[in-house]
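# Pasting a predicted model and its sequence here:
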Amino acid sequence: MPTTTSSELTMWRTLFTNISIIAVLLVSGCSQQLQRQTCVLLTPQVNYCLAPLMTLSDQELAPQNSQQQLTQKISFTHGDKHHELLTQLELSPEMMTMVGLAPLGQALFTVTYDGETVVSQQNVLMGDDFKAEYLMAIMQLIYRPHQQVNPYFSQGQMQDVACEADNYSDKNRDDNRDDNRNTGKCSALIVDNEAAIQISYSDLNPWIAEVILRFPAANITLSISPL
């Protein structure tokens, strides 16, 4: 089974803990602009480099215009630790942008990806350990078709998989047992025949679905709800 490392777990904790602290403080002071990496270590075995930007033909499953905007609540859980973050995700053929929001709407960070470079404009209190490129990578795995992201893994690939009993898909199938539609789906990053990352969707269209993403080896769960 894939294993995690202390550095990987620390990265995910730092990512969300720093956001939560600043959100509570509602600090509106100095910000800094940093150029981030376009490749991230998702698991100890797997490096992922951000895929090129979507073309108009790639967006057929997205809402029907060339520029998409999605407001989300992201919940991070590890054991008894729980943090939440509001984000706005914007996608166009020219740019991928993610804005982290405090509860009252202040921008905590703005991360952009133009297909070649990741730039993060963030509060200085977040420090260099805040690696927003990980959030960009996760958004690509969730919302991009498998064939568009698979070439950019160092090993493994995203695949459609059968849903487990506690996933959104199975719950929806039970709720709609008199309706012959399956309204959800599940996928996974498969490495050496094991699921290194598991993703479940409440709807076949990921853009309107509630999403649960799990890192089994690290006991980390991200829950993403469109608002």
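The structure has been received and is ready for your questions.

# Okay, strands next: where are they in this structure?
If DSSP state E is used as the criterion, the strands of the chain fall at 31-36, 39-43, 46-49, 68-78, 81-91, 96-101, 107-113, 118-123, 157-160, 185-191, 194-201, 211-215, 220-226.

# Could you export those strands as JSON lines, including distance to residue 149?
(Glycine included, C-beta is placed from N, CA and C.) Shown next, in JSON lines, are those (distance: least, CB to CB, whole Å):
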{"stretch": "strand 31-36", "distance to residue 149": "18"}
{"stretch": "strand 39-43", "distance to residue 149": "11"}
{"stretch": "strand 46-49", "distance to residue 149": "8"}
{"stretch": "strand 68-78", "distance to residue 149": "17"}
{"stretch": "strand 81-91", "distance to residue 149": "14"}
{"stretch": "strand 96-101", "distance to residue 149": "13"}
{"stretch": "strand 107-113", "distance to residue 149": "14"}
{"stretch": "strand 118-123", "distance to residue 149": "16"}
{"stretch": "strand 157-160", "distance to residue 149": "6"}
{"stretch": "strand 185-191", "distance to residue 149": "9"}
{"stretch": "strand 194-201", "distance to residue 149": "11"}
{"stretch": "strand 211-215", "distance to residue 149": "14"}
{"stretch": "strand 220-226", "distance to residue 149": "17"}
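
# Relative to residue 101, how far out is the closest residue to residue 74 other than its chain neighbours?
In space, and not counting its chain neighbours, residue 74 is closest to residue 85: 4.7 Å by CB to CB, 6 or more residues apart in numbering. Counting by CB to CB, to the nearest Å, the gap from residue 85 to residue 101 is 8 Å.

# pretty sure residue 112 is touching residue 96, no?
Yes: if you go by CB atoms under 8 Å, residue 112 and residue 96 touch, sitting 7.0 Å apart.

# coming back round to it: residue 85 and residue 101: who's more crowded?
Taking other CB atoms under 10 Å, residue 85 and residue 101 do not tie; residue 85 has more neighbours (23 against 19).

# For that one, give its distance to residue 72.
With distances taken as CB to CB, residue 85 is found 9 Å from residue 72.

# Please identify the most buried of the strands of the chain.
strand 194-201 (a mean of 23; mean count of other CB atoms under 10 Å).

# Check which helices and strands that one is in contact with.
Strand 194-201 sits against strand 39-43, helix 133-143, helix 168-175, strand 185-191, strand 211-215, with contacts defined as 3 or more CB pairs under 8 Å, 6 or more residues apart in numbering; DSSP states H and E.

# ok, now with 10 Å
When contacts are defined as 3 or more CB pairs under 10 Å, 6 or more residues apart in numbering; DSSP states H and E, strand 194-201 packs onto strand 39-43, strand 46-49, helix 133-143, strand 157-160, helix 168-175, strand 185-191, strand 211-215, strand 220-226.

# And the ones you listed: which comes nearest residue 204?
strand 185-191 (5.6 Å; CB to CB).

# What strands line up against the closest one, and which way round?
strand 157-160 (antiparallel), strand 194-201 (antiparallel) (DSSP bridges).

# right, so of those strands, which gets closest to residue 68?
With CB to CB as the measure, strand 194-201 is the member of these nearest residue 68 (16.6 Å).

# what angle sits between the closest one and strand 211-215?
170 degrees (axes from the mean of the first three to the mean of the last three CA atoms, to 10 degrees).
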